[in-house]
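**Student:** Model the structure of this input:
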Amino acid sequence: MALVRLLRLLAHMLLGFILIMTCWPMMSDSRKARVEHWFASRLMRILRVKVQAHFEAAESDYRHHGPMLIYSNHVSWIDIFAFNAVAPLTFIAKSEISDWPIAGTLAARSGTLFIERGKRHAVRDVIAAAVKVLKAGRTVAVFPEGTTGSGDEPLPFHSNFVQPAIQAGVPLLPVTLQYFTPDGRFTPEPAFVGEQTLVQNLWVLANAPAGFVCSLTFHSPLRTEGQTRHVLSDAARNVIAAACAQSQGMVGTAGSTAST
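**Tutor:** Prediction:
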């Protein structure tokens, strides 16, 4: 069954590649958003990863109260699809992703903002691009750890990535991202970390007996007016760290919930 799921995933990726190479330029922004949502939701269903979004407050729902800068811990390459399964947004990502077969093209064509490591002013350039997207009314997401962790606690955050929210005058939205088994136990299994290859991680996801639950907890947004990036980044990390510590072993929190 795992092999069948991987073949279905490959077929889905190829379909997405064909769509984005042919029809994408002719689509309206609203149609593109629907396609992004469909593509992400179906990919997660193929891998049997159920996405649960928990909003601590009405203002936490970026679908209705954006634009915002989403500031989340990072666990796996499928995190991007988990967010897009809730509602499409623009991601800031490392440039290495653009070199991935098929997936890199999909990310680039869908508007991902890549940080080109090794180039001067790369962070400054991507911040300027993110500000432009935010001012156009679209929510942007960034993983300030700069790498992936197991999800039990956040790694150190790079505060530079708060800057787009400050410059665009939009709220900073901390998000806790964790994976659970269907019976509600925290698990680090989906984490794409260490020396593990993408193929090995795919096999873990496809071979899980009952799949996984990806829990996204959208905390109350933080106002950015008059704040420094260091203060905001530390505040967001503290919120996420506390949520990681409290939520291990259970799925679901108070507030509105959306599932895919």
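**Student:** going forward, measure contacts and count neighbours with C-alpha atoms only.
**Tutor:** Noted.
**Student:** tell me which element the closest residue to Ile97 other than its chain neighbours falls in.
**Tutor:** Nearest non-adjacent residue to Ile97, counting by C-alpha to C-alpha, 6 or more residues apart in numbering: Gly104, 5.4 Å away. Assigned by DSSP states H and E, Gly104 falls within helix 103-109.
**Student:** and that helix, what does it pack onto?
**Tutor:** Secondary-structure packing of helix 103-109 (3 or more C-alpha pairs under 8 Å, 6 or more residues apart in numbering; DSSP states H and E): helix 2-22.
**Student:** Which strands or helices does the helix it packs on pack on?
**Tutor:** Using 3+ C-alpha pairs under 8 Å, 6+ apart: helix 2-22 touches helix 29-46, helix 103-109, helix 198-207.
**Student:** Not counting residues beside it along the chain, what's closest to the spatially most central residue of the chain?
**Tutor:** Centroid-nearest residue in the chain, with C-alpha atoms, centre = their mean: Ile80, separated by 3.4 Å. Spatially, and ignoring its direct neighbours in sequence, Ile80 is nearest to Phe91 (7.7 Å; C-alpha to C-alpha, 6+ apart).
**Student:** Ok, Lys135 next?
**Tutor:** Closest residue in space to Lys135, ignoring its immediate chain neighbours: Ala168 at 6.1 Å, by C-alpha to C-alpha, 6+ apart.
**Student:** List the contacts of the one you found.
**Tutor:** Remark: with contacts taken as C-alpha atoms under 8 Å, 6 or more residues apart in numbering, Ala168 is in contact with 131-132, 134-135.
**Student:** any low-confidence regions in this protein?
**Tutor:** Within the chain, the ranges that satisfy pLDDT under 70 run 98, 101, 117-118, 120, 248-260.
**Student:** picking that back up, among the contacts of Ala168, name the buried ones.
**Tutor:** By neighbour count, with 16 or more other C-alpha atoms under 10 Å, the contacts of Ala168 hold 131, 134-135 as buried.
**Student:** Turn those into a markdown table, including secondary structure and distance to Ser110.
**Tutor:** Compiled in a markdown table, the buried ones among the contacts of Ala168 are given as follows (DSSP: H, G, I helix; E, B strand; the rest coil; distance: C-alpha to C-alpha, whole Å):
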| residue | secondary structure | distance to Ser110 |
| --- | --- | --- |
| Val131 | helix | 17 |
| Leu134 | helix | 16 |
| Lys135 | helix | 18 |
